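Novice: 3D model of this:
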Amino acid sequence: MHSVEILHRDNKELPQTLIQWFMGEYLSDWSVDLTLIHLDLSDEGVDGWCMREDDTEFIIQIDENLTGDEYRRTLLHEMYHMYQHLNKIPRCEMCAYESEQQNLDRFSNSQ
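Specialist: Residues are numbered from 1 along each chain as shown. Predicted coordinates for the structure are as follows:
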């Protein structure tokens, strides 16, 4: 069973459906605790971060200014890093970038 907490996402697209889809597709064998935090990352020079807090506990930070496909691709990118961590796959930034559009297309076709 997954636990998801979403913080600071007012008046914009909520990502629950996308998160549920990704976890069902990639993380169904795991019990993951995810905290998704939306904040201004413009000074960081990134759109998002994925941090592993414990074996199956993660914090993802997403830039609160992202919308639409850019937001969805970034969230998918960071969740792919969760997948890498859980499956002991060496962190591969290029792999995560390559997975973004493929997973966005797969998600869109599933809706």
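
Novice: and the spatially most distant residue from the centre of the chain, how far is that from residue 67?
Specialist: In the chain, counting by C-alpha atoms, centre = their mean, residue 43 sits farthest out from the average C-alpha position, at 20.3 Å. Between residue 43 and residue 67 the computed distance is 19 Å (C-beta to C-beta, to the nearest Å). For every residue, glycine as well, the C-beta is placed using N, CA and C.

Novice: cool, and residue 55?
Specialist: For residue 55, the distance to residue 67 equals 33 Å [C-beta to C-beta].

Novice: again with residue 41
Specialist: Relative to residue 67, residue 41 is positioned 14 Å away (criterion: C-beta to C-beta).

Novice: of those two, who's got more company?
Specialist: Relative neighbour count places residue 41 above the other of residue 41 and residue 67, with 18 against 10, counting by other C-beta atoms under 10 Å.

Novice: Grab the nearest non-local neighbour of that one.
Specialist: In space, not counting the residues next to it along the chain, residue 41 is nearest to residue 63; the distance is 4.1 Å by C-beta to C-beta, 6 or more residues apart in numbering.

Novice: cool, and residue 73?
Specialist: Setting aside the residues directly before and after it, residue 73 is nearest to residue 100 in space (C-beta to C-beta, 6+ apart), at 4.3 Å.

Novice: who are the neighbours in contact with that neighbour?
Specialist: 73-74, 76-77, 80 (C-beta atoms under 8 Å, 6 or more residues apart in numbering).
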